[in-house]
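# Starting from these lines, generate the structure:
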Amino acid sequence: MSSEPEIRGPVLRPGDDGYDEERGGFQTARRHRPAVIAGATGADDVRAAVAYAAARGLPVAVQATGHGLSVPADGGVLISTRRMTGVRVDAASRTAWIEAGTRWDEVVRAVTPYGLAPLNGSAPHTGAIGYTLGGGLGLLSRRYGYAADHVREIDVVTADARLRHVTAESEPDLFWALRGGRDNFGVVTGLRIGLVPVTRLYGGGLFFPRDLAAGALVAFAEWTRALPEETTASVGMIPYPDVPGVPEPLRGRHVTHVRVAHLGDAASGERLVAPLRAVGPRLLDTLAEMPYAESGSIYNDPTRPHAYSGSAITLSGLDATAARTVFEEAGPDAPVPRVVDLRHLGGALARTPEVPSAVGHRDAAYLLRVLSADASAEARAAHERVFAAMRPWATGGRSLNFLYDDDPAQVREAYEPEDLRRLAGLKAAYDPANVFRLNHNIAPALVGEELGGRVL
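Here you go, the predicted model:
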(Lines give C-alpha, C1' and ligand atoms only; values in the text may rest on other atoms or scores of the structure.)
Protein backbone atom coordinates (compact mmCIF):
# COMPACT_ATOMS: atom_id res chain seq x y z
CA MET A 1 0.00 0.00 0.00
CA SER A 2 1.32 3.45 -0.86
CA SER A 3 2.86 5.45 1.97
CA GLU A 4 1.07 8.57 0.71
CA PRO A 5 -2.58 9.18 -0.14
CA GLU A 6 -2.91 9.24 -3.93
CA ILE A 7 -4.35 12.68 -4.56
CA ARG A 8 -3.90 15.39 -7.16
CA GLY A 9 -3.25 18.08 -4.57
CA PRO A 10 -0.11 18.44 -2.45
CA VAL A 11 0.73 15.88 0.23
CA LEU A 12 2.87 17.35 3.00
CA ARG A 13 4.65 15.97 6.04
CA PRO A 14 6.48 17.75 8.88
CA GLY A 15 9.59 19.41 7.51
CA ASP A 16 8.27 19.74 3.95
CA ASP A 17 8.20 23.14 2.30
CA GLY A 18 4.72 24.57 2.72
CA TYR A 19 3.78 22.33 5.66
CA ASP A 20 3.57 25.16 8.20
CA GLU A 21 1.67 27.44 5.85
CA GLU A 22 -0.83 24.72 4.95
CA ARG A 23 -1.61 23.80 8.56
CA GLY A 24 -2.01 27.42 9.67
CA GLY A 25 -5.41 29.00 10.07
CA PHE A 26 -7.26 31.94 11.59
CA GLN A 27 -6.93 30.53 15.13
CA THR A 28 -3.31 30.88 16.24
CA ALA A 29 -3.64 29.78 19.88
CA ARG A 30 -3.34 26.20 18.68
CA ARG A 31 -2.20 24.69 15.39
CA HIS A 32 -2.65 21.32 13.77
CA ARG A 33 0.44 19.09 13.86
CA PRO A 34 -0.65 16.26 11.56
CA ALA A 35 1.49 13.42 10.31
CA VAL A 36 0.12 14.07 6.83
CA ILE A 37 -1.62 17.03 5.21
CA ALA A 38 -3.72 16.31 2.15
CA GLY A 39 -4.29 19.48 0.13
CA ALA A 40 -7.54 18.36 -1.49
CA THR A 41 -8.57 19.75 -4.87
CA GLY A 42 -11.87 17.89 -5.06
CA ALA A 43 -14.04 15.10 -3.73
CA ASP A 44 -11.80 12.36 -5.15
CA ASP A 45 -8.85 13.72 -3.18
CA VAL A 46 -10.96 13.75 -0.03
CA ARG A 47 -11.99 10.14 -0.63
CA ALA A 48 -8.35 9.08 -1.07
CA ALA A 49 -7.27 10.89 2.10
CA VAL A 50 -10.06 9.37 4.20
CA ALA A 51 -9.29 5.88 2.85
CA TYR A 52 -5.61 6.36 3.67
CA ALA A 53 -6.38 7.44 7.24
CA ALA A 54 -8.98 4.75 7.89
CA ALA A 55 -6.65 1.99 6.71
CA ARG A 56 -4.04 3.09 9.24
CA GLY A 57 -6.32 3.94 12.14
CA LEU A 58 -5.44 7.63 11.94
CA PRO A 59 -7.82 10.41 13.00
CA VAL A 60 -9.04 12.84 10.37
CA ALA A 61 -9.53 16.58 10.75
CA VAL A 62 -10.66 19.00 8.08
CA GLN A 63 -9.80 22.69 7.75
CA ALA A 64 -10.79 25.45 5.37
CA THR A 65 -10.12 28.77 7.12
CA GLY A 66 -9.31 27.44 10.58
CA HIS A 67 -11.76 29.61 12.54
CA GLY A 68 -13.31 26.69 14.42
CA LEU A 69 -10.16 24.84 15.48
CA SER A 70 -10.80 23.47 19.00
CA VAL A 71 -8.17 20.71 19.25
CA PRO A 72 -5.06 20.16 17.11
CA ALA A 73 -4.82 17.15 14.81
CA ASP A 74 -1.63 15.67 16.23
CA GLY A 75 -0.28 12.69 14.32
CA GLY A 76 -3.36 12.28 12.16
CA VAL A 77 -4.43 13.34 8.69
CA LEU A 78 -5.45 16.93 8.05
CA ILE A 79 -7.56 17.45 4.94
CA SER A 80 -7.11 21.02 3.80
CA THR A 81 -10.03 22.15 1.63
CA ARG A 82 -8.82 25.68 0.93
CA ARG A 83 -8.35 24.84 -2.78
CA MET A 84 -11.95 23.65 -3.12
CA THR A 85 -13.61 26.98 -3.78
CA GLY A 86 -16.46 27.81 -6.06
CA VAL A 87 -20.05 29.05 -6.05
CA ARG A 88 -22.67 28.11 -8.63
CA VAL A 89 -25.83 30.20 -8.41
CA ASP A 90 -29.24 29.01 -9.60
CA ALA A 91 -31.23 32.23 -9.44
CA ALA A 92 -34.46 30.56 -10.60
CA SER A 93 -34.54 28.18 -7.64
CA ARG A 94 -32.92 30.70 -5.28
CA THR A 95 -30.13 28.30 -4.41
CA ALA A 96 -26.36 28.13 -4.65
CA TRP A 97 -23.92 25.22 -4.63
CA ILE A 98 -20.86 26.04 -2.52
CA GLU A 99 -17.67 24.01 -2.34
CA ALA A 100 -15.90 22.97 0.85
CA GLY A 101 -13.32 25.74 1.13
CA THR A 102 -15.52 28.66 0.13
CA ARG A 103 -15.67 31.73 2.37
CA TRP A 104 -18.82 33.75 2.94
CA ASP A 105 -17.46 36.84 1.20
CA GLU A 106 -17.11 34.75 -1.97
CA VAL A 107 -20.71 33.56 -1.65
CA VAL A 108 -22.02 37.08 -1.07
CA ARG A 109 -20.18 38.40 -4.14
CA ALA A 110 -21.61 35.61 -6.28
CA VAL A 111 -25.27 35.86 -5.25
CA THR A 112 -25.98 39.55 -4.63
CA PRO A 113 -26.00 40.48 -8.35
CA TYR A 114 -29.15 38.32 -8.58
CA GLY A 115 -30.93 40.24 -5.80
CA LEU A 116 -30.37 37.38 -3.38
CA ALA A 117 -28.50 36.89 -0.10
CA PRO A 118 -27.14 33.89 1.77
CA LEU A 119 -27.68 33.37 5.50
CA ASN A 120 -24.08 34.22 6.29
CA GLY A 121 -22.56 35.19 9.60
CA SER A 122 -21.01 38.40 10.80
CA ALA A 123 -17.46 37.65 9.55
CA PRO A 124 -17.22 37.50 5.73
CA HIS A 125 -13.88 35.66 5.83
CA THR A 126 -15.30 32.66 7.74
CA GLY A 127 -15.65 29.32 5.95
CA ALA A 128 -19.24 28.85 4.80
CA ILE A 129 -19.41 25.06 5.23
CA GLY A 130 -18.27 24.75 8.85
CA TYR A 131 -20.40 27.71 9.88
CA THR A 132 -23.51 26.24 8.27
CA LEU A 133 -23.04 22.71 9.59
CA GLY A 134 -22.59 24.10 13.12
CA GLY A 135 -26.01 25.77 12.89
CA GLY A 136 -25.20 29.18 11.48
CA LEU A 137 -26.37 32.17 13.53
CA GLY A 138 -26.13 35.12 11.19
CA LEU A 139 -27.17 38.62 10.23
CA LEU A 140 -30.72 37.70 9.17
CA SER A 141 -31.39 34.88 11.62
CA ARG A 142 -34.43 36.25 13.43
CA ARG A 143 -36.22 36.59 10.11
CA TYR A 144 -35.01 33.44 8.35
CA GLY A 145 -33.65 31.10 11.05
CA TYR A 146 -30.44 29.11 11.17
CA ALA A 147 -28.36 28.67 8.03
CA ALA A 148 -28.51 24.89 8.58
CA ASP A 149 -32.29 25.08 8.11
CA HIS A 150 -31.77 26.23 4.52
CA VAL A 151 -29.46 23.42 3.34
CA ARG A 152 -31.03 21.45 0.49
CA GLU A 153 -28.33 18.93 -0.52
CA ILE A 154 -25.00 17.74 0.86
CA ASP A 155 -22.07 15.91 -0.72
CA VAL A 156 -20.11 14.14 2.02
CA VAL A 157 -17.30 11.57 2.19
CA THR A 158 -18.04 9.20 5.06
CA ALA A 159 -15.62 6.99 7.01
CA ASP A 160 -15.86 4.22 4.41
CA ALA A 161 -14.38 6.68 1.88
CA ARG A 162 -17.65 6.74 -0.02
CA LEU A 163 -18.93 9.97 -1.55
CA ARG A 164 -22.61 10.28 -0.74
CA HIS A 165 -25.13 12.76 -2.12
CA VAL A 166 -27.38 13.31 0.87
CA THR A 167 -30.82 14.90 0.93
CA ALA A 168 -33.84 14.77 3.23
CA GLU A 169 -35.29 12.13 0.92
CA SER A 170 -32.24 9.99 0.10
CA GLU A 171 -30.66 9.63 3.57
CA PRO A 172 -32.85 11.48 6.07
CA ASP A 173 -30.94 10.42 9.20
CA LEU A 174 -27.55 11.50 7.89
CA PHE A 175 -29.05 14.70 6.47
CA TRP A 176 -30.46 15.49 9.91
CA ALA A 177 -27.20 14.71 11.72
CA LEU A 178 -24.84 16.67 9.45
CA ARG A 179 -26.86 19.87 9.93
CA GLY A 180 -25.83 20.52 13.51
CA GLY A 181 -23.49 17.54 13.98
CA ARG A 182 -20.92 19.19 11.75
CA ASP A 183 -17.79 17.12 10.88
CA ASN A 184 -18.58 14.16 13.13
CA PHE A 185 -19.92 12.05 10.28
CA GLY A 186 -17.70 12.84 7.33
CA VAL A 187 -15.98 15.48 5.24
CA VAL A 188 -18.52 17.64 3.45
CA THR A 189 -17.27 18.56 -0.02
CA GLY A 190 -20.20 20.74 -1.06
CA LEU A 191 -23.62 22.08 -0.08
CA ARG A 192 -26.66 23.40 -1.88
CA ILE A 193 -28.06 26.24 0.21
CA GLY A 194 -31.25 28.23 -0.08
CA LEU A 195 -30.97 31.98 -0.70
CA VAL A 196 -33.34 34.75 0.37
CA PRO A 197 -34.65 37.74 -1.62
CA VAL A 198 -32.72 40.52 0.13
CA THR A 199 -30.95 43.32 -1.70
CA ARG A 200 -30.63 46.05 0.93
CA LEU A 201 -30.86 46.49 4.68
CA TYR A 202 -30.46 49.12 7.34
CA GLY A 203 -27.52 48.26 9.51
CA GLY A 204 -24.33 49.21 11.24
CA GLY A 205 -23.21 49.90 14.77
CA LEU A 206 -23.42 52.27 17.70
CA PHE A 207 -20.17 52.54 19.67
CA PHE A 208 -20.55 53.82 23.24
CA PRO A 209 -17.72 54.91 25.59
CA ARG A 210 -16.99 53.01 28.82
CA ASP A 211 -19.02 55.36 31.04
CA LEU A 212 -22.16 54.44 29.06
CA ALA A 213 -21.52 50.69 28.98
CA ALA A 214 -23.98 49.73 31.73
CA GLY A 215 -26.67 52.00 30.32
CA ALA A 216 -26.20 50.62 26.81
CA LEU A 217 -26.54 47.02 28.03
CA VAL A 218 -29.70 47.78 29.99
CA ALA A 219 -31.15 49.70 27.04
CA PHE A 220 -30.36 46.80 24.71
CA ALA A 221 -32.16 44.39 27.05
CA GLU A 222 -35.25 46.58 27.12
CA TRP A 223 -35.14 47.37 23.38
CA THR A 224 -34.96 43.76 22.24
CA ARG A 225 -38.08 42.69 24.16
CA ALA A 226 -40.37 44.07 21.47
CA LEU A 227 -38.07 43.86 18.46
CA PRO A 228 -39.68 42.73 15.17
CA GLU A 229 -38.38 39.57 13.49
CA GLU A 230 -37.06 41.72 10.67
CA THR A 231 -34.34 42.94 13.04
CA THR A 232 -31.39 40.88 14.26
CA ALA A 233 -29.14 42.57 16.80
CA SER A 234 -26.39 42.03 19.33
CA VAL A 235 -24.28 44.00 21.77
CA GLY A 236 -20.63 43.49 22.62
CA MET A 237 -18.19 44.91 25.15
CA ILE A 238 -14.75 45.12 23.56
CA PRO A 239 -11.40 46.30 24.96
CA TYR A 240 -9.81 47.63 21.78
CA PRO A 241 -6.00 47.57 21.67
CA ASP A 242 -4.03 50.73 21.01
CA VAL A 243 -2.61 49.56 17.68
CA PRO A 244 -2.67 50.78 14.06
CA GLY A 245 -5.67 49.51 12.13
CA VAL A 246 -8.18 50.20 14.90
CA PRO A 247 -10.29 53.30 14.07
CA GLU A 248 -8.96 56.30 15.97
CA PRO A 249 -12.14 56.94 18.04
CA LEU A 250 -11.95 53.33 19.34
CA ARG A 251 -8.22 52.81 19.70
CA GLY A 252 -7.15 51.94 23.24
CA ARG A 253 -10.70 52.29 24.58
CA HIS A 254 -13.18 49.93 26.21
CA VAL A 255 -16.21 50.18 23.91
CA THR A 256 -19.77 48.88 24.00
CA HIS A 257 -20.83 48.09 20.44
CA VAL A 258 -24.49 47.59 19.49
CA ARG A 259 -24.88 45.94 16.06
CA VAL A 260 -28.08 46.10 14.04
CA ALA A 261 -29.25 44.38 10.85
CA HIS A 262 -32.78 45.52 9.98
CA LEU A 263 -34.70 44.38 6.92
CA GLY A 264 -36.27 47.71 6.19
CA ASP A 265 -35.53 51.14 4.81
CA ALA A 266 -33.65 53.96 6.48
CA ALA A 267 -36.80 55.67 7.77
CA SER A 268 -38.08 52.60 9.62
CA GLY A 269 -34.58 51.82 10.82
CA GLU A 270 -34.09 55.32 12.24
CA ARG A 271 -37.36 55.07 14.17
CA LEU A 272 -36.40 51.63 15.44
CA VAL A 273 -33.00 52.58 16.87
CA ALA A 274 -34.06 55.86 18.47
CA PRO A 275 -34.17 54.33 22.01
CA LEU A 276 -30.59 53.15 21.60
CA ARG A 277 -29.32 56.52 20.46
CA ALA A 278 -31.01 58.02 23.50
CA VAL A 279 -28.44 56.25 25.71
CA GLY A 280 -25.99 59.05 25.00
CA PRO A 281 -23.20 60.29 22.74
CA ARG A 282 -21.48 57.71 20.58
CA LEU A 283 -17.82 57.38 19.69
CA LEU A 284 -19.00 56.21 16.26
CA ASP A 285 -22.41 55.78 14.67
CA THR A 286 -22.33 53.81 11.41
CA LEU A 287 -26.04 53.00 11.05
CA ALA A 288 -27.26 53.53 7.49
CA GLU A 289 -29.08 51.83 4.65
CA MET A 290 -26.70 49.71 2.60
CA PRO A 291 -26.64 47.09 -0.16
CA TYR A 292 -26.41 43.59 1.25
CA ALA A 293 -23.02 43.21 -0.42
CA GLU A 294 -21.65 45.58 2.24
CA SER A 295 -23.23 43.78 5.22
CA GLY A 296 -19.83 42.58 6.43
CA SER A 297 -19.23 46.12 7.67
CA ILE A 298 -21.92 45.78 10.36
CA TYR A 299 -19.68 43.86 12.77
CA ASN A 300 -16.40 44.71 11.05
CA ASP A 301 -14.83 41.61 12.63
CA PRO A 302 -11.02 41.38 12.68
CA THR A 303 -9.51 39.73 9.61
CA ARG A 304 -5.98 39.07 10.86
CA PRO A 305 -5.35 35.61 12.36
CA HIS A 306 -5.02 35.73 16.13
CA ALA A 307 -5.23 33.67 19.30
CA TYR A 308 -8.50 33.29 21.18
CA SER A 309 -10.42 31.00 23.47
CA GLY A 310 -13.94 31.11 24.79
CA SER A 311 -17.39 29.65 24.88
CA ALA A 312 -21.04 30.63 24.95
CA ILE A 313 -24.20 29.77 26.85
CA THR A 314 -27.85 30.25 26.01
CA LEU A 315 -30.12 32.42 28.16
CA SER A 316 -33.87 32.31 28.80
CA GLY A 317 -34.09 36.09 28.96
CA LEU A 318 -32.22 39.34 29.52
CA ASP A 319 -33.70 41.76 32.02
CA ALA A 320 -32.03 44.81 33.54
CA THR A 321 -30.56 42.77 36.40
CA ALA A 322 -29.02 40.28 33.96
CA ALA A 323 -27.58 43.10 31.86
CA ARG A 324 -26.00 44.71 34.91
CA THR A 325 -24.59 41.35 35.98
CA VAL A 326 -22.81 41.00 32.64
CA PHE A 327 -21.44 44.52 33.06
CA GLU A 328 -20.20 43.88 36.60
CA GLU A 329 -18.55 40.56 35.73
CA ALA A 330 -17.00 41.45 32.38
CA GLY A 331 -17.13 45.20 31.96
CA PRO A 332 -14.33 47.78 31.76
CA ASP A 333 -13.08 47.09 35.30
CA ALA A 334 -12.90 43.29 35.00
CA PRO A 335 -9.45 42.03 36.11
CA VAL A 336 -9.06 39.80 33.05
CA PRO A 337 -9.81 41.58 29.72
CA ARG A 338 -12.56 39.81 27.80
CA VAL A 339 -14.76 40.33 24.78
CA VAL A 340 -18.41 39.80 25.71
CA ASP A 341 -21.13 39.31 23.15
CA LEU A 342 -24.91 39.13 23.73
CA ARG A 343 -26.91 38.00 20.70
CA HIS A 344 -30.66 38.32 20.49
CA LEU A 345 -32.34 35.09 19.39
CA GLY A 346 -36.04 34.20 19.00
CA GLY A 347 -38.13 34.86 15.93
CA ALA A 348 -37.54 32.28 13.21
CA LEU A 349 -34.73 30.76 15.28
CA ALA A 350 -37.33 29.52 17.75
CA ARG A 351 -39.43 27.70 15.18
CA THR A 352 -38.93 24.09 14.13
CA PRO A 353 -38.05 24.10 10.41
CA GLU A 354 -39.96 22.05 7.85
CA VAL A 355 -37.01 19.64 7.70
CA PRO A 356 -35.66 19.32 11.29
CA SER A 357 -31.96 19.25 12.08
CA ALA A 358 -29.72 18.49 15.08
CA VAL A 359 -29.40 22.20 15.93
CA GLY A 360 -30.67 22.49 19.49
CA HIS A 361 -31.88 24.94 22.12
CA ARG A 362 -34.28 26.79 19.86
CA ASP A 363 -36.20 28.03 22.88
CA ALA A 364 -33.31 30.23 24.02
CA ALA A 365 -33.90 33.99 23.95
CA TYR A 366 -30.27 35.17 23.95
CA LEU A 367 -26.78 33.81 23.54
CA LEU A 368 -23.94 35.03 25.76
CA ARG A 369 -20.43 34.59 24.36
CA VAL A 370 -17.18 35.32 26.21
CA LEU A 371 -13.78 35.45 24.46
CA SER A 372 -10.20 36.11 25.48
CA ALA A 373 -7.12 36.75 23.37
CA ASP A 374 -5.35 33.67 24.72
CA ALA A 375 -6.08 30.07 25.73
CA SER A 376 -4.67 30.16 29.25
CA ALA A 377 -6.21 28.51 32.29
CA GLU A 378 -6.67 31.99 33.77
CA ALA A 379 -8.72 33.08 30.76
CA ARG A 380 -10.91 29.97 30.87
CA ALA A 381 -11.53 30.46 34.59
CA ALA A 382 -12.54 34.06 33.90
CA HIS A 383 -15.04 32.89 31.29
CA GLU A 384 -16.59 30.42 33.69
CA ARG A 385 -16.97 33.11 36.36
CA VAL A 386 -19.12 35.12 33.97
CA PHE A 387 -21.23 32.07 33.13
CA ALA A 388 -21.60 31.19 36.82
CA ALA A 389 -22.87 34.69 37.59
CA MET A 390 -25.43 34.32 34.79
CA ARG A 391 -26.71 30.95 35.99
CA PRO A 392 -30.14 32.36 37.06
CA TRP A 393 -30.84 33.15 33.39
CA ALA A 394 -29.02 30.20 31.78
CA THR A 395 -30.94 27.43 30.01
CA GLY A 396 -28.12 24.86 30.18
CA GLY A 397 -27.44 25.04 26.46
CA ARG A 398 -24.47 25.92 24.25
CA SER A 399 -23.98 26.77 20.58
CA LEU A 400 -21.59 24.63 18.53
CA ASN A 401 -20.58 27.62 16.40
CA PHE A 402 -19.26 29.40 19.50
CA LEU A 403 -17.26 26.65 21.22
CA TYR A 404 -13.56 27.38 20.86
CA ASP A 405 -12.06 24.85 23.27
CA ASP A 406 -11.90 21.05 23.49
CA ASP A 407 -14.40 20.30 26.26
CA PRO A 408 -16.65 17.22 25.88
CA ALA A 409 -19.08 18.55 28.47
CA GLN A 410 -19.64 21.72 26.45
CA VAL A 411 -20.15 19.72 23.25
CA ARG A 412 -22.75 17.63 25.07
CA GLU A 413 -24.57 20.79 26.14
CA ALA A 414 -24.85 21.96 22.53
CA TYR A 415 -27.59 19.35 21.94
CA GLU A 416 -30.95 18.42 23.32
CA PRO A 417 -30.70 15.12 25.27
CA GLU A 418 -32.87 13.18 22.84
CA ASP A 419 -30.89 14.55 19.89
CA LEU A 420 -27.63 13.52 21.55
CA ARG A 421 -28.90 9.95 21.88
CA ARG A 422 -29.91 9.91 18.22
CA LEU A 423 -26.52 11.29 17.21
CA ALA A 424 -24.88 8.53 19.25
CA GLY A 425 -26.58 5.84 17.22
CA LEU A 426 -25.77 7.54 13.94
CA LYS A 427 -22.13 8.02 14.93
CA ALA A 428 -21.91 4.27 15.55
CA ALA A 429 -23.54 3.52 12.21
CA TYR A 430 -21.58 5.90 9.98
CA ASP A 431 -18.26 6.18 11.84
CA PRO A 432 -17.88 3.13 14.11
CA ALA A 433 -14.08 3.53 14.39
CA ASN A 434 -14.42 7.24 15.26
CA VAL A 435 -12.26 8.33 12.33
CA PHE A 436 -13.67 11.87 12.54
CA ARG A 437 -12.71 12.54 16.14
CA LEU A 438 -11.46 16.12 16.09
CA ASN A 439 -13.06 19.58 16.27
CA HIS A 440 -16.16 19.29 18.48
CA ASN A 441 -16.15 15.51 18.48
CA ILE A 442 -19.37 14.12 19.92
CA ALA A 443 -17.84 10.75 20.89
CA PRO A 444 -16.18 11.95 24.14
CA ALA A 445 -19.42 13.78 24.91
CA LEU A 446 -21.30 10.49 24.67
CA VAL A 447 -19.61 8.70 27.56
CA GLY A 448 -22.25 6.46 29.07
CA GLU A 449 -24.51 6.77 26.04
CA GLU A 450 -25.61 3.61 24.30
CA LEU A 451 -23.93 3.46 20.89
CA GLY A 452 -25.33 0.73 18.68
CA GLY A 453 -24.99 -2.01 21.28
CA ARG A 454 -21.82 -0.70 22.89
CA VAL A 455 -21.18 2.00 25.44
CA LEU A 456 -18.47 4.63 25.05
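# going forward, measure contacts and count neighbours with C-alpha atoms only.
Noted.
# For stretch 57-68, what is the distance to the chain centroid?
Relative to its parent chain, stretch 57-68 has a centroid offset of 15 Å by CA atoms, centre = their mean, to the nearest Å.
# how long is that stretch end to end?
Start and end residues of stretch 57-68 are separated by 24 Å (CA to CA, to the nearest Å).
# Mind listing residues that contact that stretch?
Stretch 57-68 has contacts (CA atoms under 8 Å, 6 or more residues apart in numbering) with 24-27, 50, 53, 73, 75-82, 100-103, 125-127, 130, 183, 187, 401, 403-404, 434-439.
# which non-adjacent residue is nearest Ala49?
Among residues not flanking Ala49 along the chain, Pro5 sits closest, at 5.5 Å (CA to CA, 6 or more residues apart in numbering).
# Pro356 now?
The shortest distance from Pro356 to any non-neighbouring residue, by CA to CA, 6+ apart, is to Trp176 (6.6 Å).
# so what's the residue nearest to Ala49 up against?
The neighbourhood of Pro5, defined by CA under 8 Å, 6+ apart, consists of 11, 38, 48-49, 52.
# What subset of the contacts of stretch 57-68 is buried?
Among the contacts of stretch 57-68, those buried by neighbour count (16 or more other CA atoms under 10 Å) are 24-27, 50, 53, 73, 76-82, 100-103, 125-127, 130, 183, 187, 401, 403-404, 434-439.
# Which of those residues fall in helices?
With DSSP state H as the criterion, helices contain 50, 53, 130 from among those.
# re earlier: okay, and which of the contacts of stretch 57-68 map to strands?
Secondary structure defined by DSSP state E assigns 77-80, 187 of those to strands.
# can you put the residues you listed in CSV and add distance to Asp155 and pLDDT?
Compiled in CSV, the ones in strands among the contacts of stretch 57-68 are given as follows (distance: CA to CA, whole Å; pLDDT from 0 to 100):
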residue, distance to Asp155, pLDDT
Val77, 20, 94
Leu78, 19, 93
Ile79, 16, 95
Ser80, 16, 95
Val187, 9, 96
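# and the gap between the residue nearest the centre of the chain and Tyr19?
Residue closest to the average C-alpha location in the chain (CA atoms, centre = their mean): Asn401, at 3.3 Å. Counting by CA to CA, the gap between Asn401 and Tyr19 amounts to 27 Å.
# Gly346 now?
For Gly346, the distance to Tyr19 (CA to CA) stands at 44 Å.
# before we move on, what about Val187?
Distance of Val187 to Tyr19, computed by CA to CA: 21 Å.
# do the same with Pro244
Taking CA to CA as the measure, Pro244 and Tyr19 are separated by 30 Å.
# With neighbour numbers in mind, choose between the two.
Using other CA atoms under 10 Å, the more surrounded residue of Pro244 and Tyr19 is Tyr19, with 18 against 8.
# Next up, the contacts around the closest residue to that one other than its chain neighbours.
Of all residues not flanking Tyr19 in the chain, Leu12 sits nearest, at 5.7 Å (CA to CA, 6+ apart). Going by CA under 8 Å, 6+ apart, Leu12 touches 18-19, 36-38.
# Please list only the buried members of those residues.
Neighbour-count burial within these applies to 19, 36-38; the criterion is 16+ other CA under 10 Å.
# Now, these that are in strands?
36-38.
# Closest one to Ala161 out of those, please.
Each of those was scored against Ala161 by CA to CA, and Ala38 proved nearest at 14.4 Å.
# what sits opposite that closest one in the beta ladder?
Here Ala38 sits in beta bridges with Val11, Ile79, as judged by DSSP bridges.
# Kindly list the main-chain dihedrals of Val258?
The phi and psi torsions at Val258 (degrees, to the nearest 10) take the values phi -90, psi 130.
# how many neighbours does it have?
25.
# cool, and Glu354?
Residues within reach of Glu354, counting by other CA under 10 Å, total 8.
# Please apply the same query to the one 3 residues further on.
Summarising burial for Ser357: neighbours were counted as other CA under 10 Å, giving 24.
# Surely it is within a strand?
No. With DSSP: H, G, I helix; E, B strand; the rest coil as the criterion, Ser357 is located in coil rather than a strand.
# how far away is the closest residue in space to it that isn't next to it in sequence from Leu349?
When the adjacent residues along the chain are set aside, Ser357 lies closest to Trp176, with 4.6 Å between them (CA to CA, 6+ apart). Using CA to CA, one obtains 17 Å as the distance from Trp176 to Leu349.
# Ok, Arg369 next?
Counting by CA to CA, the gap between Arg369 and Leu349 amounts to 17 Å.
# Ok, Ile154 next?
Following CA to CA, the distance that separates Ile154 from Leu349 is 22 Å.
# and what of Leu69?
Leu69 is 25 Å from Leu349, where distance means CA to CA.
# Look at those two and report which has more neighbours.
A count of neighbours by other CA under 10 Å puts Leu69 above the other of Leu69 and Leu349, at 26 against 23.
# where does that one land on pLDDT?
At Leu69 the predicted local distance difference test score is 71.
# Which residue ranges of the chain form helices?
Per DSSP H, the chain has helices spanning 19-23, 43-56, 104-111, 128-133, 141-144, 172-181, 213-224, 266-277, 320-330, 377-389, 408-413, 417-430. These are given in chain order.
# Mind putting the ones you listed into CSV with mean pLDDT and distance to Ser309?
Rendered in CSV, the data for those read as follows (pLDDT from 0 to 100; distance: least, CA to CA, whole Å):
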stretch, mean pLDDT, distance to Ser309
helix 19-23, 91, 19
helix 43-56, 96, 29
helix 104-111, 98, 22
helix 128-133, 95, 17
helix 141-144, 98, 24
helix 172-181, 97, 21
helix 213-224, 98, 23
helix 266-277, 98, 30
helix 320-330, 96, 15
helix 377-389, 90, 7
helix 408-413, 88, 13
helix 417-430, 94, 25
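# Ala364: which of these is closest?
Ranking these by proximity to Ala364 (CA to CA) places helix 141-144 first, at 12.2 Å.
# My guess is Gly264 contacts Thr199. True?
No. In this structure, Gly264 sits apart from Thr199 without contact. The criterion is CA atoms under 8 Å, and the distance is 10.5 Å.
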